[in-house]
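Peer 1: output the structure for:
(chains A and B)
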2 protein chains.
Amino acid sequence: MSFAPLQNDTFLRACRRQATDYTPLWLMRQAGRYLPEYKATRAKAGSFMGLATNVDYATEVTLQPLERFPLDAAILFSDILTVPDAMGLGLSFAEGEGPRFAQNVRDESAVAALAVPDMDKLRYVFDAVTSIRRALNGRVPLIGFSGSPWTLACYMVEGKGSDDYRQVKSLMYARPDLMHRILEINADSVATYLNAQIDAGAQAVMIFDSWGGVLADGMFQQFSLAYTRRVLAQLKRTGTDGQDVPRIVFTKGGGIWLEEMNALDCEVLGLDWTANLGRARAIVGGQAGGPGKALQGNIDPNVLFAPPERIAEQVRSVLDSFGKPHTDRSTTGPTHIFNLGHGISQFTPPEHVSALVEAVHGQSRAMRQA
Amino acid sequence: MSFAPLQNDTFLRACRRQATDYTPLWLMRQAGRYLPEYKATRAKAGSFMGLATNVDYATEVTLQPLERFPLDAAILFSDILTVPDAMGLGLSFAEGEGPRFAQNVRDESAVAALAVPDMDKLRYVFDAVTSIRRALNGRVPLIGFSGSPWTLACYMVEGKGSDDYRQVKSLMYARPDLMHRILEINADSVATYLNAQIDAGAQAVMIFDSWGGVLADGMFQQFSLAYTRRVLAQLKRTGTDGQDVPRIVFTKGGGIWLEEMNALDCEVLGLDWTANLGRARAIVGGQAGGPGKALQGNIDPNVLFAPPERIAEQVRSVLDSFGKPHTDRSTTGPTHIFNLGHGISQFTPPEHVSALVEAVHGQSRAMRQA
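Peer 2: Take a look at the predicted model:
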């Protein structure tokens, strides 16, 4: 497979801890309901899964935010629950209710029936990756993604979203053996899934451990981090174009475990808004010429409800908390990829996103020259 | 006012960083829906506020968990939203829906109308404190409490619970001046409220910053921590019996800001289950003979859904993570008060609470002798 040459490598350079002219930026859930054009495509598709499983629609919505904003990366439009759906659990999205599985996994027999799914059932995802990569035509890199083994397990055991994670934690505390078995299968499934995305054209991959932060200290290490590590160990390091494929790990609420996450074999750590980027940089960012990880994040998505001048102030505060990134092109060093600390809200005014993008690019360029 | 002498001072000693024979224990929301006898009293009262505003019922339910379990402290049965209710916002609890205010506070005029409420409107709370203290008859100490200024503001601005805190954060980012005004009034109200609880007989007080952890780094310090500090500075240090009144601060999700919370003028910090107690002890626990804070927490309430032998294992893990507490009766040193990392679930089997209490008392006694 061959694709057009990359025109904007700012994001990939920052992932590799290489100096950039400005701080690259993309937004979690950047293709989404806050955009009227997304809602129009979604209406045509009839349902969320109708949208996600149709290669043309998935390509269309992935590119929509890039038409509006000069973002530095695209991310595959899909859902983290495609993998358990392919395992046969029967995913559906009831209007205004969030995802739901027809079957949940809570006992010995349900766990025994689980297996790494046939990747042919996820062909629509890999086809979408290739289609998007073609449509991007080298404009910016394409990020593939998956939910983490633990995050997928939360939905598989609960059967839907949860406030208290009672079912999944009950299983974990009462039957850790069953929980470990689910997580092994999930880890091997996620690794296979991400490798197929890489083969289809993904230029970076991200693991969303959206619910890692609900775990107790000690349990996070055993039931989330260990299986993220198992995924990372199996990932391909090289994409279709012979380039290395940076791996991003994001644990919402994981700032408290940064020392332990530093030991992960990945290039980038994502952080939510509770983390102090300066402190995180000191722990994982490394020094110029030495090893370390790039950091991604972490403005509160609710900042986007404030007027543009307040958004610019909060951007300043996030850039300042990371501090001046490394600028020496002859070596690697601490770098920052700007993002939200979690997905963008459906209620966000799109013109406020423009203000954010402009502030990040403008201020971060100025900062490097100061 | 005079009350019966205290028979079990284990909890208060641990708050003061004095050595104890075992690790004292109480449970957030220990008087609650997981107890059938609570549900019976609640049914008699007709509504949640009917229960909370009736001195006899409030006394009855506060004592119910102590009849079942040898807990080391009682906590006033009430709600954190009594203060904004007394401000005139019109609190109600719709069945199965959680609290709701008739009015919310989102603009200049609503903020201008706010004031520290007349404490006569909260007389039912202070009367309950005195009644409970009498009914306890010195068995264990009584803890009074309030929501933190920020946590109260969340409900006042949102008008009810929230998933994303969009309204309160929009106001904070767009109109920080209005948010600071709300928080000043809340802080002075909370201080007055807690002082009246102390005068009515409370032997320790706790500030629940239940929503501090949803704030971004930098904003937490300005909009939550600063106002907790403002409350603490105004609190009485001595109770009706001439004893000092320990002050406990609990920020759910606050483990990431422990260094900053260490500077608070309080005796005890509460932690949720994401925090590592050993690391927390190293940051805030101090050394024998030196200054420091006691730590309270932090088992995941979902542990209580596992069988008793698993509960005992998880208790071990929490006790071990704190490590052996200080045992020298001639001086102060690091101490631990066992608690959940958040309120107990309504679905908890009461017999599992017995298993927890037994494990904490038994293991923590053995640990001191090892």
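Peer 1: mind listing what the nearest residue to A:R365 once chain neighbours are set aside touches?
Peer 2: Setting aside the residues directly before and after it, A:R365 is nearest to A:Y22 in space (CB to CB, 6 or more residues apart in numbering or on different chains), at 4.4 Å. In this view, the C-beta of every residue, glycine as well, is placed from N, C-alpha and C. With CB atoms under 8 Å, 6 or more residues apart in numbering or on different chains as the criterion, the residues that contact A:Y22 are A:T10, A:V360, A:H361, A:S364, A:R365, A:R368.
Peer 1: chain center to stretch A:50-66, what's the gap?
Peer 2: With CA atoms, centre = their mean, to the nearest Å as the basis, stretch A:50-66 stands 17 Å off its chain's centre.
Peer 1: please apply the same query to stretch A:279-296.
Peer 2: When distances are taken as CA atoms, centre = their mean, stretch A:279-296 is centred 19 Å away from the chain's centroid.
Peer 1: buried residues in that stretch?
Peer 2: Judged by neighbour count (16 or more other CB atoms under 10 Å in any protein chain shown), stretch A:279-296 contains these buried residues: A:R279, A:A280, A:R281, A:I283, A:V284, A:G285, A:G286, A:G292, A:K293, A:A294, A:L295, A:Q296.
Peer 1: from start to finish, how long is it in a straight line?
Peer 2: End-to-end distance for stretch A:279-296, by CA to CA, to the nearest Å: 13 Å.
Peer 1: mind checking which of the buried residues of stretch A:279-296 land in helices?
Peer 2: Counted as lying in helices by DSSP state H, out of the buried residues of stretch A:279-296, are A:R279, A:A280.
Peer 1: now the buried residues of stretch A:279-296 as CSV including pLDDT?
Peer 2: Converted to CSV, the buried residues of stretch A:279-296 look like this (pLDDT from 0 to 100):
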residue, pLDDT
A:R279, 98
A:A280, 98
A:R281, 98
A:I283, 97
A:V284, 97
A:G285, 96
A:G286, 96
A:G292, 98
A:K293, 98
A:A294, 98
A:L295, 98
A:Q296, 98
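Peer 1: from the buried residues of stretch A:279-296, which is closest to A:M206?
Peer 2: The shortest distance between A:M206 and any of the buried residues of stretch A:279-296, using CB to CB, involves A:Q296 and amounts to 8.6 Å.
Peer 1: isn't that closest one up against A:G270?
Peer 2: Yes: between A:Q296 and A:G270 a contact is recorded at 4.3 Å, counting by CB atoms under 8 Å.
Peer 1: joint contacts of those two?
Peer 2: Shared contacts of A:Q296 and A:G270, defined by CB under 8 Å, 6+ apart, comprise A:I248, A:F250, A:N339.
Peer 1: of those residues, list those near chain B.
Peer 2: Taking CB under 8 Å from any CB of the partner chain, there is no overlap between these and the neighbourhood of chain B.
Peer 1: most neighbours among these, please name it.
Peer 2: Compared across the shared contacts of A:Q296 and A:G270, A:N339 has the highest neighbour count, 27 neighbours, by other CB atoms under 10 Å in any protein chain shown.
Peer 1: who's in contact with A:D244?
Peer 2: Counting by CB under 8 Å, 6+ apart, A:D244 makes contact with A:R16, A:R237, A:T238.
Peer 1: what pLDDT does the model give the closest residue to the second one other than its chain neighbours?
Peer 2: Pointing back at A:R237 there. What sits nearest to A:R237 in space, not counting adjacent residues and going by CB to CB, 6+ apart, is A:D244, at 5.9 Å. A:D244 carries a pLDDT value of 98.
Peer 1: then A:A355?
Peer 2: Each residue has a pLDDT score; the one for A:A355 is 98.
Peer 1: buried set for whichever helix or strand it is part of?
Peer 2: Using DSSP states H and E, the element containing A:A355 is helix A:350-369. Along helix A:350-369, these residues count as buried under the neighbour rule (16+ other CB under 10 Å): A:352-353, A:355-361, A:363-364, A:367-368.
Peer 1: export these to TSV and tack on distance to A:V116?
Peer 2: Converted to TSV, the buried residues of helix A:350-369 look like this (distance: CB to CB, whole Å):
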residue	distance to A:V116
A:H352	42
A:V353	38
A:A355	44
A:L356	39
A:V357	39
A:E358	44
A:A359	44
A:V360	39
A:H361	42
A:Q363	45
A:S364	41
A:M367	45
A:R368	45
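Peer 1: just the closest of the residues you listed to chain B, please.
Peer 2: Sorting those by distance to chain B puts A:H352 at the head of the list, at 10.8 Å, by CB to the nearest CB.
Peer 1: may I have the secondary structure class of the residue nearest to A:M49 when sequence neighbours are not counted?
Peer 2: Excluding its sequence neighbours, the residue lying closest to A:M49 (CB to CB, 6+ apart) is A:F93, at 6.4 Å. Taken by DSSP: H, G, I helix; E, B strand; the rest coil, the conformation at A:F93 corresponds to strand.
Peer 1: A:F93 - how many residues pack around it?
Peer 2: 17.
Peer 1: go ahead and confirm it touches A:A45.
Peer 2: No: the pair A:F93 / A:A45 is not scored as a contact, 11.5 Å apart, by CB under 8 Å.
Peer 1: for chain A, just list every one of the strands.
Peer 2: Listed from the start of the chain, chain A has strands (DSSP state E) covering A:74-75, A:91-94, A:98-101, A:142-147, A:204-209, A:247-251, A:268-270, A:294-299, A:336-340.
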